[in-house]
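*Asks:* pasting the sequence and the predicted model now:
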Amino acid sequence: MGKPTRPLRVRRAALGRSVRLRASGCPAAAPSPDRLTEALAQRAPRMATHHGAVAALAGRVGHGLGLGEDDLHLVVRAAELHDVGKVAVPDSILNKPGSLSDDELEVMRRHTVVGEAIIAAAAEPAPVAAMVRSSHERWDGSGYPDGLCGEDIPLGARIITICDAYDAMTHARPYRSARSVPDALDQLRRGAGRRYDPRLVAVFLAAAGAGRPGAAPRVP
């Protein structure tokens, strides 16, 4: 195998500095999560709008729950950064047009833990890092990285999981076409109580105006 390209070496070096700075207690000098998210969007163009869409949807759900301003801000911030750990995922996996192998899935699933480290090193609020780490947990405990279930999963992470899934389903990926809005909403209903917090699915559907056939969440 040849040497990594210079951009990949730079990204890995930045990640290494981030993790080391976290351990050394010097978060102020850590690379900005926003800059890393921008770099990720350049590598995978679909990410350019995904982060903003998920954050907007999470804000609507949080508002529907009646979250206070501070808590709402934390949820939206975590949604903006929920994929930042993918900066450490090789392009060959990030943009693969087919299904991932077991080994590739293992690499991809590390992004939540890497994201937590990046965010913590950048001195973001601790709840933001915790939400990013848990953004792929499932209500029934079958998610990752910690196998949390139910209300052991941070509330913000449960919100992000639903919003992330909806936005992903309604946009094409290299390995599949986009689902229709009604189909995506139906998938959320089907996943309630298994993948997703059933109470939050109901709030998402209400925020989406999904009582009307074909209604779609409105992104401010």
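*Replies:* Received, thanks.
*Asks:* for Arg46, give me its contacts.
*Replies:* 171, 173 (C-beta atoms under 8 Å, 6 or more residues apart in numbering). Any C-beta I mention is one placed from the backbone N, CA and C, and that applies to glycine too.
*Asks:* swap that for Asp71, sorry
*Replies:* 62, 156.
*Asks:* so which strand or helix has it?
*Replies:* Assigned by DSSP states H and E, Asp71 falls within helix 69-81.
*Asks:* residues in contact with stretch 160-178?
*Replies:* 46, 50, 53-54, 57-58, 61, 75, 78-79, 82, 95-99, 131, 135-138, 143, 179-181, 183-185, 187-188, 191, 195-197, 200-201, 204, 216-217.
*Asks:* repeat that for 6 Å
*Replies:* For stretch 160-178, the surrounding residues in contact (C-beta atoms under 6 Å, 6 or more residues apart in numbering) are 50, 53-54, 57-58, 79, 82, 97-98, 135, 179, 184, 196, 200, 204.
*Asks:* neighbour-wise, which of the residues you listed leads?
*Replies:* Neighbour counts for those (other C-beta atoms under 10 Å) peak at His82, which has 32 neighbours.
*Asks:* the nearest residue in space to Glu124 that is not next to it in sequence: how many residues sit nearby?
*Replies:* Leaving aside its sequence neighbours, Glu124 sits nearest to Pro33 (C-beta to C-beta, 6 or more residues apart in numbering; 6.6 Å). By other C-beta under 10 Å, 25 other residues sit near Pro33.
*Asks:* which residues are in contact with Pro33?
*Replies:* Pro33 is in contact with 81, 84, 118-119, 122, counting by C-beta under 6 Å, 6+ apart.
*Asks:* so the closest residue to Gly143 other than its chain neighbours, which of the three states?
*Replies:* The shortest distance from Gly143 to any non-neighbouring residue, by C-beta to C-beta, 6+ apart, is to Glu137 (3.9 Å). Classification of Glu137 using DSSP: H, G, I helix; E, B strand; the rest coil returns coil.
*Asks:* what about Glu137, how many neighbours?
*Replies:* 25.
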